[in-house]
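> the sequence and its predicted three-dimensional model are supplied below.
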Protein chains: 2
Amino acid sequence: MSRPERSAGIAGTAELMRGMGAAARSAARELAVASAATRNAALSAAATAVRGSVAAILEANATDLGTARGKGAPNAFLDRLALDAGRIEAIALSLESIARLEDPVGAVLARWQRPNGLVIERVRVPLGVVGIVYESRPNVTADAGALCLKSGNASILRGGSESRHSSRAIHSCLVDGLRAARLPESAVQLVPTTDREAVGLMLKGLDGAIDVIVPRGGKSLVARVQEEARVPVLAHLEGICHTYVDRDADLEMAREIVLNAKLRRTGVCGATETLLVDRAAPGRVLPDLIRALIDAGCAVRGDEAAQQADPRVTPATEEDWSTEYLDAIISVKVVEGVDGAIDHIARYGSQHTDAIVTASAAAAERFLERVDSAIVLHNASTQFADGGEFGFGAEIGIATGKLHARGPVGVEQLTSFKYAVRGAGQVRPA
Amino acid sequence: MSRPERSAGIAGTAELMRGMGAAARSAARELAVASAATRNAALSAAATAVRGSVAAILEANATDLGTARGKGAPNAFLDRLALDAGRIEAIALSLESIARLEDPVGAVLARWQRPNGLVIERVRVPLGVVGIVYESRPNVTADAGALCLKSGNASILRGGSESRHSSRAIHSCLVDGLRAARLPESAVQLVPTTDREAVGLMLKGLDGAIDVIVPRGGKSLVARVQEEARVPVLAHLEGICHTYVDRDADLEMAREIVLNAKLRRTGVCGATETLLVDRAAPGRVLPDLIRALIDAGCAVRGDEAAQQADPRVTPATEEDWSTEYLDAIISVKVVEGVDGAIDHIARYGSQHTDAIVTASAAAAERFLERVDSAIVLHNASTQFADGGEFGFGAEIGIATGKLHARGPVGVEQLTSFKYAVRGAGQVRPA
């Protein structure tokens, strides 16, 4: 990689970032009117560039890995950072699959005629400029840049300093793709400095150049972004997801769902962190579910009833009910029916994803209506909280805010709309 | 009005506001599952209460007017503040017409089945708690509270101190309506203190109790809200709206649209502030439009070409292109065709509402596609920028942000959605 890192000391980080903002805003105007074919061609060409740059990407990644090892980074961190031929091919395949998604831009979402003859259309348009702040996974550079490009948005990417050589190598393939499709290179920009002030400036919006910020990473990153951002943020701080097993649950189904919801992957935001069990469930339900979890290698922290059901359950503290373990640990509580579950989730949940297991349609509908979360499920695993599983093709994250995008954020959720009104000389009466 | 103003000195404004936030959050949970019939019954009962309280409302209003006159408030201010029997009846009628709007809550916006059998529904739900910060118009108390109630949201209303007695009298009718429908009284709360700190606390979200803030008032209020708010804001700072008259415009149509767009009401956000005229338009177009404006009582500030077209045109400064006059003043500029208009609007506009007048379909489509504003019109007046004119029934304001609600904010735009997923025991494969 011969591209020099720009020196923030000379240009000044503020000036550098302001320039990137202006360039992104200008690129966004071009992208907004570029055809879907052109945007898709850039994505396909970027995939080709990735396949032609495997050696360069691996070399850059080796540099990042060497530095991280020298600092004694833990193995889990090194694994997130490491690329190999398979992971690089996965990046190229992901670019191609994003290119194949249905085009979200320009769709007429609604159309109606007013009594005065005006025809009003609500038309989907790109958001403009998306700022992405992420951590060590280098593939986010490709995925996030590509999802923004697909939805007609310019993007400003700020990756973690640990993966900066890898990100730069991947970003240069995206730029190759833009150039091949004759789109402005500043449609996908990578912040070239690791100065932390750059993130602060992005969160302030770069003089109105950034329309929305999407953080991708751990809780401390998201918390900083939500605390400091002066532009809208699409994110979730944490996924404290619940599975509630009702008195009318099929025990076999409940066991399968609970094990999957907790243990399929413990590190994802849709993993269940708390199991709620109806006090009126048959006596064997609680011990059976606890035994299945412990047998599968999960530590169980529970209230008194859970402790009585199995001596291996350790006491849960008040803090456990609002803890996102992201690990093979679960908290278990007995509640007074579906309303008890709804109350517990309202108090301790994070409005992300919550599930009920029951054969009772009435209990299910009550839960689906009253639990105020982005995703509520009946008789299914909370691990379905994922844009791919929803059929969105790919997601840039999951949002728990109530405004704009709630739940998985795919290319459609990276768009806004405008009203196009067509008349024949209408003026508004006094 | 015998209800005492609560003393912020005793309770402490922070404690008072925190209590209002918690009460609103609790009311929001009840409202979210209240039937449309119940919410509408509260609105109708509130209208009845308004009609039964004309004397009390007028008395409260007289107190406010007396104070304002004593402080030497200008006539325009007094007019906004003043109520009479007709204006009070208009408030009651507005409550009834909001009750008659189609119910926005619970609608299934989309429904699809995944290959694994999961059925996913996107269901419209209320936002939760809406904070409204407004100025001297007492009718906003009724309109804003009613629009929130209709959309299933709890509201916290903070009116201007000048109208506080009037607002309190109207608010007490809304509470009568809630009580009649057996809904929680804290579903519509009026901040009882005029302490300015209360607004600051609302803008910080009252410990997560407020989901969105809607400011209603002048530019300085909106600017303060946008600057300080830590929760999402639905608003527009200003409406620097343009009407562009193209070379292919019908002159008669252009004249009617320009006069209406500028002068029907000069104080509304959809009023045109800048007229752009195509340099290639026939020679009589520019002088004719300027003459029509001046004849109608409008002051014209123009670039050189406009000054040459009519000696009564005064020179426009750079500042004029980004000034929202809200008065019978217009700036006029000659531009190089539709692309010149698009560039001018991109540079100086406020992404609110912009119109093109032309008989050329190609020019119109280019303008509608490339002008990045919430509302773009072809051959119609910018004064159609209004929720009522869009068929939304009533609006709480107009938003120029790209996220969530763009354009008129009616009851539908005061909602969010959630995903309800129904399965039969599905778990996610590894």
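Noted; the coordinates are in hand.
> C-alpha only now, for contacts and for neighbours.
Noted.
> neighbours of A:P74, just the number please.
10 (other CA atoms under 10 Å in any protein chain shown).
> can you give me phi and psi for it?
Per-residue torsions, A:P74: phi -70, psi 160 (degrees, to the nearest 10).
> pick out the residue of chain A closest to chain B.
A:H404 (3.9 Å; CA to the nearest CA).
> gap between A:V285 and A:A380?
Distance of A:V285 to A:A380, computed by CA to CA, to the nearest Å: 18 Å.
> low-confidence ranges, the stretch 1-150 of chain A, go.
Counting by pLDDT under 70, the stretch 1-150 of chain A has low-confidence residues at A:1-11.
> at the contact with chain B, which residues of it appear?
A:R29, A:A32, A:V33, A:R114, A:I120, A:L127 (CA under 8 Å from any CA of the partner chain).
> let's see that with 7 Å instead.
Contact residues (CA under 7 Å from any CA of the partner chain) of the stretch 1-150 of chain A with chain B: A:L127.
> just the stretch 151-300 of chain A next, same as before
Checking the stretch 151-300 of chain A against chain B by CA under 7 Å from any CA, the hits are A:M253, A:I257, A:N260, A:R264.
> so for the last one, what's the pLDDT?
Yep, that's A:R264 we're talking about. Note on A:R264: pLDDT of 96.
> likewise the first one?
The score at A:M253 is 98. That number is its pLDDT.
> which helix or which strand is home to it?
Assigned by DSSP states H and E, A:M253 belongs to helix A:251-263.
> same for that helix, what does it pack against?
Applying 3 or more CA pairs under 7 Å, 6 or more residues apart in numbering or on different chains; DSSP states H and E, one finds that helix A:251-263 makes contact with strand A:272-278, helix A:285-295.
> could I get the ones you listed as CSV with mean pLDDT and mean neighbour count?
Converted to CSV, the helices and strands packed on helix A:251-263 look like this (pLDDT from 0 to 100; neighbours: other CA atoms under 10 Å in any protein chain shown):
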stretch, mean pLDDT, mean neighbour count
strand A:272-278, 98, 28
helix A:285-295, 98, 19
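> dump those into JSON lines; add distance to B:L326 as well.
What follows is the helices and strands packed on helix A:251-263, written out as JSON lines (distance: least, CA to CA, whole Å):
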{"stretch": "strand A:272-278", "distance to B:L326": "55"}
{"stretch": "helix A:285-295", "distance to B:L326": "67"}
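> quick check, A:A235 in a strand?
No. Counting by DSSP: H, G, I helix; E, B strand; the rest coil, A:A235 falls outside a strand, being coil.
> who's in contact with the closest residue to it other than its chain neighbours?
Excluding its sequence neighbours, the residue lying closest to A:A235 (CA to CA, 6 or more residues apart in numbering or on different chains) is A:A399, at 4.4 Å. Listed by CA atoms under 7 Å, 6 or more residues apart in numbering or on different chains, the contact partners of A:A399 are A:L234, A:A235, A:H236, A:A405, A:R406, A:G407, A:P408, A:V409.
> just the buried ones among the residues you listed, please.
Among these, those scoring as buried are A:L234, A:A235, A:H236, A:A405, A:R406, A:G407, A:P408, A:V409 (criterion: 16 or more other CA atoms under 10 Å in any protein chain shown).
> as a check, name the ranges of all helices in the stretch 51-200 of chain A.
A:54-70, A:75-81, A:85-100, A:139-150, A:164-180, A:197-203 (DSSP state H, counting those that start in this stretch).
> which one of the ones you listed is the most hemmed in?
helix A:139-150 (a mean of 26; mean count of other CA atoms under 10 Å in any protein chain shown).
> so what's the gap between that one and the chain middle?
Here the centre of helix A:139-150 is set off from its chain's centre by 12 Å, with CA atoms, centre = their mean, to the nearest Å.
> dump that helix to CSV, keeping only the CA atoms.
The C-alpha trace of helix A:139-150 is given here as CSV (Å, rounded to 0.1, in the frame of the first residue of the first chain):
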residue,chain,number,x,y,z
ASN,A,139,-15.0,-6.1,6.3
VAL,A,140,-17.3,-3.3,7.6
THR,A,141,-15.4,-0.9,5.3
ALA,A,142,-16.7,-2.8,2.3
ASP,A,143,-20.2,-3.7,3.7
ALA,A,144,-21.1,-0.2,5.0
GLY,A,145,-19.6,1.6,2.1
ALA,A,146,-21.5,-0.7,-0.3
LEU,A,147,-24.9,-0.5,1.5
CYS,A,148,-24.6,3.3,1.4
LEU,A,149,-23.7,3.3,-2.3
LYS,A,150,-26.5,0.9,-3.1
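> what is that helix packed up against?
helix A:36-52, helix A:85-100, strand A:154-158, helix A:164-180.
> make JSON lines from those and add distance to B:G423 to it.
Output for those, formatted as JSON lines (distance: least, CA to CA, whole Å):
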{"stretch": "helix A:36-52", "distance to B:G423": "35"}
{"stretch": "helix A:85-100", "distance to B:G423": "27"}
{"stretch": "strand A:154-158", "distance to B:G423": "37"}
{"stretch": "helix A:164-180", "distance to B:G423": "39"}
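> closest to A:A60 out of the ones you listed?
helix A:164-180 (5.0 Å; CA to CA).
> what packs against that closest one?
helix A:36-52, helix A:54-70, helix A:139-150.
> quick one: contacts of stretch A:82-101?
With CA under 7 Å, 6+ apart as the test, stretch A:82-101 has contacts from A:40, A:43-44, A:47, A:50-51, A:54, A:58, A:61, A:65, A:139, A:142-143, A:146-147, A:150, A:393.
> go again using 8 Å as the cut-off
If you take CA atoms under 8 Å, 6 or more residues apart in numbering or on different chains as the criterion, stretch A:82-101 is touched by A:39-41, A:43-44, A:46-48, A:50-51, A:54, A:58, A:61, A:65, A:139, A:142-143, A:146-147, A:150, A:393-394.
> correct me if wrong: A:T314 contacts A:E304.
No. The pair A:T314 / A:E304 is not scored as a contact, 9.4 Å apart, by CA atoms under 8 Å.
> picking that back up, mind putting the residues of the stretch 151-300 of chain A next to chain B into a markdown table with neighbour count and distance to B:S167?
A markdown table is the format used below for those (neighbours: other CA atoms under 10 Å in any protein chain shown; distance: CA to CA, whole Å):
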| residue | neighbour count | distance to B:S167 |
| --- | --- | --- |
| A:M253 | 18 | 56 |
| A:I257 | 27 | 53 |
| A:N260 | 23 | 54 |
| A:R264 | 19 | 56 |
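> what is the nearest of the buried ones among the contacts of A:A399 to B:Y419?
A:G407 (7.5 Å).
> beta partners of the closest one?
Taking DSSP bridges as the rule, A:G407 bridges to A:A399.
> tell me the contacts of it?
In this structure, A:G407 makes contact with A:H352, A:A374, A:I375, A:A385, A:I398, A:A399, A:T400, B:K418, B:Y419, judged by CA under 8 Å, 6+ apart.
> among the helices and strands packed on helix A:164-180, which is nearest A:A14?
A:A14 sits nearest to helix A:139-150 of all the helices and strands packed on helix A:164-180, at 22.4 Å, using CA to CA.
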